[in-house]
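Engineer: dropping the sequence and predicted coords here.
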Amino acid sequence: MEYPPRDICRRALTLRMILIIKTNVGTQKITVTCQGKTVTFVLQMEDEPGLLSDVLKTIADFGANILTIHQSIPIS
């Protein structure tokens, strides 16, 4: 199903809330940016086994696609 950009952003914000509830990632640790049909999620997660898998499954269950994943490892 094709969604207009405004609906895509609404769905992204809904997905943000679902991720907060299902994965216990704090509200300050997930940001959402919408630009046209592209949505960028930035998540800051603890190093906990299975957490990334839970996030990816939640996104897939929501019917969204993931184009890229970028990981940065803290120096300290």
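Structural biologist: Right, received. Where do you want to start? Predicted model, so just to flag it, every value in this text is computed and none were measured.

Engineer: tell me the confidence at the residue nearest the centre of the chain?
Structural biologist: A centroid search over the chain (C-alpha atoms, centre = their mean) returns Phe41, at 4.6 Å, as the residue closest to the centre. pLDDT recorded at Phe41 is 86.

Engineer: helices of the protein, start to end?
Structural biologist: 5-23, 51-61 (DSSP state H).

Engineer: tell me which of these lies nearest to Val32.
Structural biologist: Val32 sits nearest to helix 5-23 of all the helices of the chain, at 5.1 Å, using C-beta to C-beta. (C-beta placed from N, C-alpha, C; glycine too.)

Engineer: give me the angle between the closest one and helix 51-61.
Structural biologist: 140 degrees (axes from the mean of the first three to the mean of the last three C-alpha atoms, to 10 degrees).

Engineer: packing partners of helix 5-23?
Structural biologist: Packing contacts for helix 5-23, counted by 3 or more C-beta pairs under 8 Å, 6 or more residues apart in numbering; DSSP states H and E, involve strand 30-35, strand 38-43, helix 51-61.

Engineer: could you dump the longest one to CSV, C-alpha only?
Structural biologist: In this case it means helix 51-61. Extracted C-alpha coordinates of helix 51-61, given in CSV (Å, rounded to 0.1, in the frame of the first residue of the first chain):
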residue,chain,number,x,y,z
LEU,A,51,17.6,-5.9,21.8
LEU,A,52,18.5,-5.0,18.2
SER,A,53,16.7,-8.2,17.1
ASP,A,54,13.6,-7.1,19.0
VAL,A,55,13.7,-3.7,17.4
LEU,A,56,14.2,-5.1,13.9
LYS,A,57,11.3,-7.6,14.4
THR,A,58,9.0,-4.8,15.6
ILE,A,59,9.8,-2.8,12.5
ALA,A,60,9.2,-5.8,10.2
ASP,A,61,5.9,-6.6,12.0
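
Engineer: if you count neighbours, what's buried in that helix?
Structural biologist: Of the residues in helix 51-61, 54-55, 58-59 count as buried by neighbour count, 16 or more other C-beta atoms under 10 Å.

Engineer: how near is Cys34 to Asn24?
Structural biologist: 24 Å (C-beta to C-beta, to the nearest Å).

Engineer: those two: which has the busier surroundings?
Structural biologist: More neighbours surround Cys34 than the other of Cys34 and Asn24, with 16 against 11 (other C-beta atoms under 10 Å).
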